[in-house]
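A.B. asks: Next come a sequence and a model predicted from it.
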Amino acid sequence: MNTTKSKGFTIIEVVLVLAIAALIFLIVFLAVPALQRSQRDTQRRTDAGRLLTYLSNYQSNNRGALPDTGAKQTAFKTNYAKELTSPTTGNPYVLNFTATPSGDFSTMIIALGSKCDGDSGFVSAASRNVAVRVALESGGGYCTEQ
């Protein structure tokens, strides 16, 4: 009669541990990209609010006028909004002074004389109103106004 026990794991124990580890890895692998998308969308929302602050500063420094011409818009981009960078590319946002929404995550649409129409577009408003919209990776867009 052999009374000695061998030390170690059975093949079933090893397979079970590997299966649990694979399941944990799969859950993390699926959750991380969604968290990153959410984080980038939060950054876009914050940047849209900062852009409105920069537009307000521009108005304060220019007797209430908004950057309504090409030269003024270029000066605004250069002097006020140069530090806003897209979380997708790490490059400065493309600032587009038009009321046509964009699906590009690195473009912010600035609609002068407009208000937000939900998160999808703009409606005309008083000339001193301004709305900013950015597309979100989670779908749709985010629009904020002053």
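C.D. replies: Right, received. Where do you want to start? Numbering: from 1, shown residues only.
A.B. asks: low pLDDT regions in this protein?
C.D. replies: Applying pLDDT under 70 to the chain flags residues 1-4.
A.B. asks: Strands of that one, start to end?
C.D. replies: Using DSSP state E, the strands found in the chain span residues 94-96, 107-112, 114-117, 121-124, 130-135, 141-145.
A.B. asks: Need the ones you listed in a markdown table (columns: mean neighbour count).
C.D. replies: In this view, the C-beta of every residue, glycine as well, is placed from N, C-alpha and C. As requested, these are exported to a markdown table (neighbours: other C-beta atoms under 10 Å):
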| stretch | mean neighbour count |
| --- | --- |
| strand 94-96 | 17 |
| strand 107-112 | 22 |
| strand 114-117 | 19 |
| strand 121-124 | 17 |
| strand 130-135 | 25 |
| strand 141-145 | 19 |
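A.B. asks: can you redo those strands as TSV with distance to residue 62?
C.D. replies: Formatted as TSV, these follow (distance: least, C-beta to C-beta, whole Å):
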stretch	distance to residue 62
strand 94-96	17
strand 107-112	13
strand 114-117	19
strand 121-124	22
strand 130-135	13
strand 141-145	19
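A.B. asks: So which of the ones you listed is nearest residue 18?
C.D. replies: With C-beta to C-beta as the criterion, residue 18 lies closest to strand 130-135 of the strands of the chain, at 41.5 Å.
A.B. asks: and the closest one, what does it pack onto?
C.D. replies: With contacts defined as 3 or more C-beta pairs under 8 Å, 6 or more residues apart in numbering; DSSP states H and E, the packing partners of strand 130-135 are helix 11-61, strand 107-112, strand 114-117, strand 121-124, strand 141-145.
A.B. asks: need the contact list for residue 70.
C.D. replies: Neighbour list for residue 70: empty [criterion: C-beta atoms under 8 Å, 6 or more residues apart in numbering].
A.B. asks: Check whether residue 49 really touches residue 144, as I assumed.
C.D. replies: Yes: using C-beta atoms under 8 Å, residue 49 is in contact with residue 144, at 6.0 Å.
A.B. asks: Please list all residues in contact with residue 72.
C.D. replies: 62, 65.
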